[in-house]
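Asker: Predicted model and sequence below, questions to follow.
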Amino acid sequence: MKKFVEPSPLSDPEIAARKVVEIASGVEAVQDGHIHIEKINAPFLFEIKGTPDQYKAGIKHAVERGWIVMHESGTFMRFTQAGADLFV
């Protein structure tokens with residue numbers, strides 16, 4: 001017997017990116033507006049049950065859209081003005 005799995009809306013990189021930005025908007029930034037990436041990936045993966053691939057696609061899409069900038073270390077991100085404007 002085959003089990004069918006409903007496709008997740010998070011499979012769409014645009015939706016995943018918006019969810020990443022939404023989660024990040026609720027996180028208090030530290031020095032220079034940086035947000036610790038684990039404050040975003042934990043809720044994405046464990047609360048809303050996104051997959052690691054969906055998370056990576058969401059981050060990539062948010063960067064491509066100019067909503068966030070990732071720190072070169074990969075441990076922080078910060079909003080651009082365009083990303084901040086999404087939740088004004």
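Answerer: Sure thing, it's come through. Numbering: from 1, shown residues only.
Asker: Find the nearest non-adjacent residue to the one residue sitting closest to the centre of the chain, please.
Answerer: When the chain is reduced to its mean C-alpha position, the nearest residue by Cα atoms, centre = their mean turns out to be residue 20, at 2.1 Å. Across the structure, with Cβ to Cβ, 6 or more residues apart in numbering as the measure, the residue nearest residue 20 apart from its sequence neighbours is residue 58 (4.3 Å). Where you see a C-beta, it was placed from the backbone N, CA and C, and this is true even at glycine.
Asker: Go through the strand or helix carrying that neighbour and flag the buried ones.
Answerer: Following DSSP states H and E, one finds residue 58 within helix 52-64. Of the residues in helix 52-64, those buried under the neighbour-count criterion (16 or more other Cβ atoms under 10 Å) are 54-55, 57-59, 61-63.
Asker: Kindly report the same for stretch 22-41.
Answerer: Applying a neighbour-count criterion of 16+ other Cβ under 10 Å, one finds 23-24, 35-37, 39-41 buried in stretch 22-41.
Asker: if we look at that stretch, which residues are touching it?
Answerer: Contact with stretch 22-41 is made by 20, 43-44, 55, 68, 70-71, 74-79, 83, 86-87, as judged by Cβ atoms under 8 Å, 6 or more residues apart in numbering.
Asker: for stretch 46-53, same thing?
Answerer: Defining contact as Cβ under 8 Å, 6+ apart, one finds that stretch 46-53 is touched by 8, 10, 16, 19, 44-45, 58.
Asker: which of the residues you listed are buried?
Answerer: Among the contacts of stretch 46-53, the ones that count as buried by 16+ other Cβ under 10 Å are 10, 16, 19, 44, 58.
Asker: Can you tell me the SS state at the fourth one?
Answerer: It stands for residue 44. When the structure is split into helix, strand and coil by DSSP: H, G, I helix; E, B strand; the rest coil, residue 44 lands in helix.
Asker: Lovely, talk soon.
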